[in-house]
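Asker: let me see the structure of the following:
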Amino acid sequence: MLGPLVVDLQGVSLTQHERGRLRHPLVGQVVLFSRNYQSPEQLSELTREIHALRDPPLNICVDHEGGRVQRFRDGFSPIPRMSQLGELWDRDVLAACRTAVSIGYLIAGELRDLGVDLTFAPVLDLAWGRSAVIGDRALHADPRVVSMLAANLMHGFSLAGMANCGKHFPGHGWAEADSHHEVPVDSRPLQTILAQDAAPYGWLGVSLASVMPAHVVYHQVDALPAGFSRRWIGEILRRDLGFGGAVFSDDLSMAGSFVAGDLGARAQAALQAGCDFILVCNDPEGVDRLLAELRWQPGDGFAQRLARIAPRGSFAQRPLRDDPAYLAARRDLDQASRT
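Answerer: Numbers count the residues shown, from 1 in each chain. A predicted model of the protein is given here:
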């Protein structure tokens with residue numbers, strides 16, 4: 001059984017200490033960053049070695065949304081900012097849907113071709129024009145448009161056998177502060193948030209394989225950020241919206257999580273609130289302390305939720321860039337970029 005911790009690496013190859021850390025039963029997934037990428041060949045070797053460490057293999061994740069959040073660039077298709085899909089929707093709905101499928105297929109296909117299993121996408125936050133950290137990562141201001149474009153992006157992911165992760169529940173588009181550096185606050189009432197920002201999570205239903213809550217405090221709902229809130233995760237997301245997939249915490253090294261205490265307290269609070277997986281990045285010493293101190297037992301349904309985010313089937317039976325579906329997706333993206 002894989003564990004709940006999602007940990008990062010320092011460089012483009014594994015150190016001996018990192019190999020030992022990744023073999024620890026509390027670790028279940030690895031998240032990669034730009035510092036872990038040098039070339040397609042290097043990434044393929046790194047993911048091969050990570051997968052070989054455990055049986056079942058560790059899941060390998062990345063933030064690869066497109067636009068300014070695309071961790072790997074040289075050797076990968078340049079993915080446009082997601083707001084461009086929303087702009088295309090306003091001109092041509094069908095073209096936007098087709099392009100979203102193609103973008104999803106390119107993202108997932110190129111990642112899976114080199115051994116990456118999951119990207120933390122799509123962003124479901126609304127484009128309120130208030131949050132700089134979200135900004136052009138948001139698809140649109142209308143939750144119905146966000147839901148439709150996200151559904152098409154996720155269809156593209158699924159064609160390449162990749163699951164998805166909708167973020168940042170219930171919505172980070174209204175709160176202005178950047179949760180990487182401070183604690184954002186959204187003081188709107190629950191019904192307003194449910195009718196607007198959280199609406200895509202209900203509309204997308206079972207097609208969402210996983211969700212990442214926001215490090216945002218919604219004062220009229222709970223004093224804790226959503227990622228530490230049993231009300232947001234257990235009551236609203238799981239019970240009221242019927243979500244049955246996996247829940248990832250956002251990075252517990254971000255300042256928006258510090259209200260829950262030290263790293264050990266943050267980890268325990270996120271798990272107790274209902275997170276299945278907890279991300280700890282840029283703090284290797286903290287990860288080692290957690291591995292020594294954290295007490296965890298998989299809850300009911302954990303294995304099934306883990307299976308929801310696992311890659312599906314084999315991929316790239318032929319060289320990816322010779323695959324007709326891949327070539328068609330590239331043409332769709334090139335066409336969209338010219339309109």
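Asker: you'd agree residue 14 is up against residue 45?
Answerer: No - counting by CB atoms under 8 Å, residue 14 stays clear of residue 45, with 10.0 Å between them. Using the backbone N, CA and C atoms, a C-beta is placed for each residue, glycine as well.
Asker: of these two, who's got more company?
Answerer: Per other CB atoms under 10 Å, whichever of residue 14 and residue 45 has more neighbours is residue 14, with 20 against 17.
Asker: and that one, what does it touch?
Answerer: 22, 46, 49, 50 (CB atoms under 8 Å, 6 or more residues apart in numbering).
Asker: and it, how far from residue 53?
Answerer: Here the criterion is CB to CB, to the nearest Å. By it, residue 14 lies 8 Å from residue 53.
Asker: joint contacts of those two?
Answerer: residue 22.
Asker: if any of the contacts of residue 14 are buried, put those into a PyMOL selection.
Answerer: Buried residues within those, by 16 or more other CB atoms under 10 Å, are selected in PyMOL with:
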select buried, resi 22+46+50
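Asker: can I get the contacts of residue 14 in TSV with distance to residue 263?
Answerer: Below are the contacts of residue 14 laid out as TSV (distance: CB to CB, whole Å):
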residue	distance to residue 263
22	19
46	26
49	27
50	23
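Asker: which one of the contacts of residue 14 is nearest residue 330?
Answerer: Closest approach to residue 330 among the contacts of residue 14 (CB to CB): residue 46, at 25.1 Å.
Asker: just the pLDDT at the closest one, thanks.
Answerer: Looking at residue 46, its pLDDT reads 98.
Asker: run through the helices of the chain in chain order.
Answerer: 16-22, 40-52, 83-91, 93-113, 143-159, 190-195, 199-204, 230, 263-273, 284-293, 302-308, 324-338 (DSSP state H).
Asker: pipe the ones you listed into CSV and attach distance to residue 58 per row.
Answerer: Output for the helices of the chain, formatted as CSV (distance: least, CB to CB, whole Å):
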stretch, distance to residue 58
helix 16-22, 6
helix 40-52, 6
helix 83-91, 31
helix 93-113, 15
helix 143-159, 20
helix 190-195, 35
helix 199-204, 27
helix 230, 28
helix 263-273, 18
helix 284-293, 14
helix 302-308, 11
helix 324-338, 26
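Asker: got the contact list for stretch 98-105?
Answerer: By CB under 8 Å, 6+ apart, the residues outside stretch 98-105 that reach it are 66, 79-80, 85, 88, 149, 152-157, 159-160, 325-326, 328-330, 332-333, 335-336.
Asker: for it, what is the average pLDDT?
Answerer: 96.
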